[in-house]
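# my questions are about this predicted structure, shown below with the sequence.
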Amino acid sequence: MKINVEVDCTPEEARHFLGLPDLRPMQDAVLAKMQQQMVDAVDALSPEALLKTWMPLAPQTPEQMRDAMAGLFRLFTPMGGGSKGSNQG
């Protein structure tokens, strides 16, 4: 003998009928907190924030960057960019 019972109800009605707790408020709170953490993480991973975090002493303005690059190139030129380049002026 086979008996088939078909119940047509929503998940909320089934939880209530079986005596299961309603976890919707807790899930909403956890989801809101996770969403805020993800938004904060995106802000922390912006290129500007990463540059400031990884290289706190890096030049912040274009002029400072230009001077830093010029100094870096002087280090790798023959004679360290010494008297040979400065006497040509």
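Looks like it arrived, so ask away.
# now do the buried residues in the biggest helix by length in the chain.
In the chain, assigned by DSSP state H, the helix with the most residues is helix 24-44. By 16 or more other Cβ atoms under 10 Å, helix 24-44 has no buried positions at all. C-beta here means a position set from N, CA and C on the backbone, and glycine is covered the same way.
# can you name the next helix or strand after it?
helix 47-54 (DSSP states H and E).
# quick check: mean pLDDT of that following helix?
Helix 47-54 comes out with an average pLDDT of 76.
# before we move on, what about stretch 60-67?
For stretch 60-67, the mean pLDDT works out to 80.
# what's in contact with that stretch?
P59 (Cβ atoms under 8 Å, 6 or more residues apart in numbering).
# run the angle between the longest helix of the chain and helix 47-54 for me.
Using axes from the mean of the first three to the mean of the last three Cα atoms, to 10 degrees, the direction of helix 24-44 lies 80 degrees away from that of helix 47-54.
# how far does helix 24-44 sit from its chain's centre?
Centroid displacement of helix 24-44 relative to its chain, using Cα atoms, centre = their mean, to the nearest Å, is 14 Å.
# how about the CA coordinates for that helix, as PDB?
The C-alpha atoms that make up helix 24-44 are tabulated as PDB, following Å, rounded to 0.1, in the frame of the first residue of the first chain:
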ATOM      1  CA  ARG A  24      15.100  35.500   9.400                       C
ATOM      2  CA  PRO A  25      16.000  38.400  11.900                       C
ATOM      3  CA  MET A  26      19.300  36.800  12.700                       C
ATOM      4  CA  GLN A  27      20.100  36.100   9.100                       C
ATOM      5  CA  ASP A  28      19.200  39.700   8.100                       C
ATOM      6  CA  ALA A  29      21.500  41.100  10.900                       C
ATOM      7  CA  VAL A  30      24.400  38.900   9.900                       C
ATOM      8  CA  LEU A  31      23.900  39.700   6.200                       C
ATOM      9  CA  ALA A  32      23.900  43.500   7.000                       C
ATOM     10  CA  LYS A  33      27.100  43.200   9.000                       C
ATOM     11  CA  MET A  34      28.800  41.200   6.200                       C
ATOM     12  CA  GLN A  35      27.700  43.700   3.600                       C
ATOM     13  CA  GLN A  36      29.100  46.600   5.700                       C
ATOM     14  CA  GLN A  37      32.400  44.700   6.100                       C
ATOM     15  CA  MET A  38      32.600  44.100   2.400                       C
ATOM     16  CA  VAL A  39      32.000  47.800   1.600                       C
ATOM     17  CA  ASP A  40      34.700  48.700   4.100                       C
ATOM     18  CA  ALA A  41      37.100  46.200   2.600                       C
ATOM     19  CA  VAL A  42      36.500  47.600  -0.900                       C
ATOM     20  CA  ASP A  43      37.300  51.100   0.400                       C
ATOM     21  CA  ALA A  44      40.500  49.800   2.000                       C
END
